[in-house]
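In: Below is the structure, and that's it, no one-letter string:
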């Protein structure tokens, strides 16, 4: 019979032979990999589950059997994996400049690959045992304002809805407003540096009503994977990098506001050129005031024939400047009440951009033209501006034109100012009422102080002007102070 000592000796000898066999096999595999490179032209790493031959050999020569060596490798591998999980992933800096606005739109935008304004992912937390990072950002906000008359909207500054003089008893009475409707909840989930660079983003505010405060409103809920974006977010016609730095949460009358259900594909034409194609929810607004039955309350209704479709091209250059052009095409359908059913072609084109004039000054601009796209204007989205009936009984898509220019200067690392102007012109038909909206102006000037990334306070003066079809007009002033907090 074998004694215990002989058994140990045999086990040690077997372990030595096994370690020599594994070492020889590993050496042969390494030589083979050097003589036959992979398709990528680079050497491939050994599988993470296979322990290095030197460690296994060391364990064998020390008289430890194979099972014990494997048991020792488990905690070492877990420690290595835990160490790798603690490494901070790095993203690629976005090609456009981050403007750190009081009413920021840039952070919510879906961007290609792992491009981000925060390459170090500051404020993100790793989800244990996964490759996902998550950031929760609560952005409480308060606005207080004094206005020179009835704005027609509770607290929003929307020239399209200004009450005309004499139309209401308080049309010309000064009024005060305090609101926290611009407070936001943001959740950003990312899997950076992994295939596809998955991102899931959520954002809401509380501006869901023009008459009641703190009403929930979804702003974004989408996923992005391998350049495919699906969910509720910016439509292809909107440029989130061209929104100006206003204290006014509503923003200028002439920018595009098109948040809807989308399915988009984004890809790079080159390092500085980006292309997006999109199919989107066909949200449009029909003026039914000329095709309704006042007795029964019935009226013409929209009919959806096809999704809105469009594309955008963006070029980045210089020190974070950009130019972006986009187009959208739509079928505006209507089921008439006293008129015939119709399907009208609508289209729109816009050009927007931002020029960084040095490190302290930036110029943003936006121009839009088309037929049947008024419902995507920030001002005219409150109206039925996409389809209207004329005296010939034909449904037409009214012409829409808008422009915006904004100049921001940073006086220091804490102080900055912005002046902006917006203009909107909407065509009317000969059947629309005498007080139908025709055009409007919006102007602002502000001074904003940023303590750090956690608090910004701004004061602003606003002026809005509206003119209607019969020539009546109205102008309103507003003085505004706002504070916005951020994690």
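Out: Looks like it came in fine. Since we're looking at a predicted model, the values are computed, not measured.
In: And the helices in the chain?
Out: 4-35, 53-61, 66-86 (DSSP state H).
In: ranking these by mean pLDDT, which is last?
Out: Of all the helices of the chain, mean pLDDT reaches its minimum on helix 53-61 (a mean of 38).
In: Could you report the distance from residue 285 to residue 381?
Out: Counting by C-beta to C-beta, to the nearest Å, the separation of residue 285 from residue 381 is 8 Å. For glycine as for every other residue, the C-beta is placed from the backbone atoms N, C-alpha and C.
In: Kindly report the same for residue 336.
Out: 24 Å.
In: Could you do residue 163 as well?
Out: From residue 163 to residue 381 the distance is 19 Å (C-beta to C-beta).
In: Then residue 268?
Out: Distance from residue 268 to residue 381, by C-beta to C-beta: 31 Å.
In: neighbour-wise, which of these two wins?
Out: Between residue 268 and residue 381, counted using other C-beta atoms under 10 Å, residue 381 has the larger neighbour count: 18 against 13.
In: so the more buried one makes contact with residue 257?
Out: Yes. Residue 381 is within contact range of residue 257, at 5.6 Å (criterion: C-beta atoms under 8 Å).
In: hmm, back to that, so what sits against both of residue 285 and residue 381?
Out: Counting by C-beta atoms under 8 Å, 6 or more residues apart in numbering, the shared contacts of residue 285 and residue 381 are 374, 375.
In: First residue to last residue on stretch 408-423, what's the distance there?
Out: 19 Å (C-alpha to C-alpha, to the nearest Å).
In: what is the rounded mean pLDDT of it?
Out: Stretch 408-423 carries an average pLDDT of 98.
In: for stretch 345-360, same thing?
Out: What stretch 345-360 shows for mean pLDDT is 97.
In: got the buried residues for it?
Out: 346, 348, 350, 352, 353, 354, 355, 356 (16 or more other C-beta atoms under 10 Å).
In: Columns distance to residue 301 on top of these, output as a markdown table?
Out: Listed next are the buried residues of stretch 345-360 as a markdown table, based on distance: C-beta to C-beta, whole Å:
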| residue | distance to residue 301 |
| --- | --- |
| 346 | 17 |
| 348 | 23 |
| 350 | 29 |
| 352 | 33 |
| 353 | 38 |
| 354 | 40 |
| 355 | 44 |
| 356 | 47 |
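In: now, among those, which is nearest to residue 242?
Out: Set against residue 242, the nearest of these by C-beta to C-beta is residue 352 (4.1 Å).
In: is that closest one in a bridge, and if so with what?
Out: Beta bridges link residue 352 to residue 324, residue 366, judged by DSSP bridges.
In: if I look at it, how far off is residue 253?
Out: Distance from residue 352 to residue 253, by C-beta to C-beta: 15 Å.
In: With residue 314 instead?
Out: To residue 253, residue 314 is 24 Å away according to C-beta to C-beta.
In: same deal with residue 241?
Out: The value you get for residue 241 to residue 253, if C-beta to C-beta is used, is 19 Å.
In: Among these two, which residue is more densely surrounded?
Out: For residue 241 versus residue 253, neighbours defined as other C-beta under 10 Å are more numerous around residue 253 (27 against 23).
In: Confirm for me that the more buried one is in contact with residue 440.
Out: Yes. Residue 253 lies in contact with residue 440 (C-beta under 8 Å); the separation is 5.4 Å.
In: Burial check on residue 383, number of neighbours?
Out: Neighbours of residue 383 (other C-beta under 10 Å): 18.
In: any common contacting residues for residue 253 and residue 440?
Out: What both residue 253 and residue 440 touch, as defined by C-beta under 8 Å, 6+ apart, is the set 159, 160, 379, 423, 424, 464.
In: Tell me the buried residues within the residues you listed.
Out: Buried by 16+ other C-beta under 10 Å: 159, 160, 379, 423, 424, 464, out of the shared contacts of residue 253 and residue 440.
In: shouldn't the fourth one be in contact with residue 464?
Out: The reference is to residue 423. No. Counting by C-beta under 8 Å, residue 423 stays clear of residue 464, with 11.4 Å between them.
In: between those two, what contacts are shared?
Out: Shared contacts of residue 423 and residue 464 (C-beta under 8 Å, 6+ apart): 253, 440, 441, 442.
In: quick one: contacts for the second one?
Out: Listed by C-beta under 8 Å, 6+ apart, the contact set of residue 440 reads 159, 160, 253, 379, 423, 424, 464, 465, 466, 467.
In: Which one of these is nearest to residue 370?
Out: Among the contacts of residue 440, residue 424 lies closest to residue 370 (C-beta to C-beta), at 12.6 Å.
In: mind listing what that closest one touches?
Out: Residue 424 neighbours (C-beta under 8 Å, 6+ apart): 160, 253, 254, 377, 379, 380, 400, 401, 402, 439, 440.
In: Output these in CSV; the columns should cover pLDDT and distance to residue 136.
Out: Below are the contacts of residue 424 laid out as CSV (pLDDT from 0 to 100; distance: C-beta to C-beta, whole Å):
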residue, pLDDT, distance to residue 136
160, 96, 35
253, 98, 33
254, 98, 34
377, 97, 33
379, 95, 33
380, 96, 35
400, 98, 39
401, 98, 41
402, 98, 36
439, 97, 43
440, 98, 38
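In: and of the residues you listed, the nearest to residue 369?
Out: Closest to residue 369 out of the contacts of residue 424 is residue 401 (5.4 Å), distances taken as C-beta to C-beta.
In: who's the closest one bridged to?
Out: Beta bridges link residue 401 to residue 369, residue 425, judged by DSSP bridges.
In: Give the burial count for it, as a bare number.
Out: As a burial measure, residue 401 scores 17 neighbours (other C-beta under 10 Å).
In: Which residues are in contact with it?
Out: 368, 369, 424, 425, 426.
In: Let's have the residues you listed in a markdown table, adding distance to residue 392.
Out: Output for these, formatted as a markdown table (distance: C-beta to C-beta, whole Å):
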| residue | distance to residue 392 |
| --- | --- |
| 368 | 27 |
| 369 | 24 |
| 424 | 26 |
| 425 | 23 |
| 426 | 20 |
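In: can you list the contacts of residue 440 in a markdown table and add distance to residue 147?
Out: Shown next, in a markdown table, are the contacts of residue 440 (distance: C-beta to C-beta, whole Å):
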| residue | distance to residue 147 |
| --- | --- |
| 159 | 12 |
| 160 | 15 |
| 253 | 16 |
| 379 | 16 |
| 423 | 21 |
| 424 | 20 |
| 464 | 10 |
| 465 | 14 |
| 466 | 14 |
| 467 | 19 |
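In: Closest one of those to residue 176?
Out: Closest approach between those and residue 176, by C-beta to C-beta: residue 464, at 17.3 Å.
In: okay but the closest one is in contact with residue 441, surely?
Out: Yes. Counting by C-beta under 8 Å, residue 464 touches residue 441, with 6.9 Å between them.
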